[in-house]
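Q: What would the 3D arrangement of this be:
(one chain, ligands or ions: 1)
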Amino acid sequence: MRIRTGDNVLVIAGKEKGKTGRVERRFLDEDRVIVEGVNLVTRHMKARPGVSQSGRIQKEASIHASNVLLICNKCNEPTKPKTAFLDTGSRVRSCTKCQEVIDDAR
Ligand SMILES: [Zn+2]
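A: Residues are numbered from 1 along each chain as shown. Predicted structure coming up:
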């Protein structure tokens, strides 16, 4: 998966197409992500001891990682990042549009 937690992504398929948001969680096994404010579903929670919220609550449901594109933090274009290697040997993602390195070297 090219997407990481904290990335800004654009939804390119499904009913939430065109929305952008920050990736909150990833499910690596299923190749799915939860994007903040995208694909909201209403859950009906029963009041129970230990449950802080009850009633109807809006919650994000996961979407498939192939339905989102990373938004480049350099050129602001949606991109499928490619893997690049710095002189230091660290692996980073780079933008296919502006060729800039997206990740800060860590
Ligand atoms: Zn870019």
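
Q: Stretch 68-76 near the ion anywhere?
A: Yes. Using Cβ under 5 Å from the ion, we find that stretch 68-76 touches the ion at 72, 74-75. C-beta coordinates here come from the backbone N, C-alpha and C atoms, glycine included.

Q: start to end distance for that stretch?
A: 14 Å (Cα to Cα, to the nearest Å).

Q: Buried residues, that stretch. List them.
A: By neighbour count on 16 or more other Cβ atoms under 10 Å, the buried set for stretch 68-76 is 68-72.

Q: Make CSV out of these and add distance to residue 86 and pLDDT.
A: Putting the buried residues of stretch 68-76 into CSV (distance: Cβ to Cβ, whole Å; pLDDT from 0 to 100) gives the following:
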residue, distance to residue 86, pLDDT
68, 26, 97
69, 23, 96
70, 19, 96
71, 22, 96
72, 17, 94
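
Q: for the residues you listed, which one is nearest residue 57?
A: residue 68 (23.6 Å; Cβ to Cβ).

Q: Confirm for me that the closest one is in contact with residue 35.
A: Yes. Look at residue 68 against residue 35 with Cβ atoms under 8 Å: they come within range, at 6.6 Å.

Q: Mutual contacts of those two, please.
A: 9, 11, 23 (Cβ atoms under 8 Å, 6 or more residues apart in numbering).

Q: Write down the beta-bridge partners of the last one, one by one.
A: With DSSP bridges as the criterion, residue 23 is bridged to residue 35.

Q: for the first one, same thing?
A: Counting by DSSP bridges, residue 9 is bridged to residue 21, residue 70.

Q: Show the pLDDT at the closest residue to residue 81 other than its chain neighbours.
A: Leaving aside its sequence neighbours, residue 81 sits nearest to residue 93 (Cβ to Cβ, 6 or more residues apart in numbering; 3.8 Å). At residue 93, the model reports a pLDDT of 93.

Q: Then residue 34?
A: pLDDT, residue 34: 97.

Q: How about residue 85?
A: 87.

Q: Setting the sequence-adjacent residues aside, check what's closest to it.
A: residue 91 (5.9 Å).

Q: Let's see the distance spanning stretch 53-65 from one end to the other.
A: 29 Å.
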